[in-house]
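Engineer: prediction below, plus the sequence it came from.
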Amino acid sequence: MATIDEFQQIDMRVGRVLEARPFPEARKPAYQLTIDFGPLGVKRSSAQLTALYTPRALEGRLVVAVVNFPPRRIAGFESEVLVLGVPNAEGAVVLLEPEREVPLGGRVF
């Protein structure tokens, strides 16, 4: 079991997708996302969201992401944050998102 102190080490924040574009170089279908986290700045992420979302549907949407993992290089692209989602019954990723507008950079707790 994890402790509350361990949970609090994971920094999850709310951001708004500014841009989403196809990422054909990725091994699994994915998009390259540019996300605004307000005071934390703009970060990039590779996200496997192609089954349920189009780039146009992602742009402007609020997302929840882990912002304190080390960056990962995916097919030459630096993914700085991990966008969070849950697989549906078919295995397609459904985004976790606030159900109302909240300030960009808001911490999940």
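Structural biologist: Structure's in. What do you need?

Engineer: drop to CA atoms for contacts and neighbour counts, all remaining ones
Structural biologist: OK.

Engineer: excluding its backbone neighbours, what's nearest the most centrally placed residue in the chain?
Structural biologist: Here the mean C-alpha position of the chain is nearest to the C-alpha of Val83 (C-alpha atoms, centre = their mean), at a distance of 2.0 Å. Among residues not flanking Val83 along the chain, Ala65 sits closest, at 4.1 Å (C-alpha to C-alpha, 6 or more residues apart in numbering).

Engineer: three-state assignment of that neighbour?
Structural biologist: Of the three states, Ala65 takes strand according to DSSP: H, G, I helix; E, B strand; the rest coil.

Engineer: hang on, it packs against Met12?
Structural biologist: Yes: under the criterion of C-alpha atoms under 8 Å, Ala65 lies in contact with Met12, with a separation of 5.3 Å.

Engineer: more neighbours: those two, which one.
Structural biologist: Under the neighbour definition other C-alpha atoms under 10 Å, Ala65 and Met12 were set side by side, and Ala65 has more, 26 against 21.
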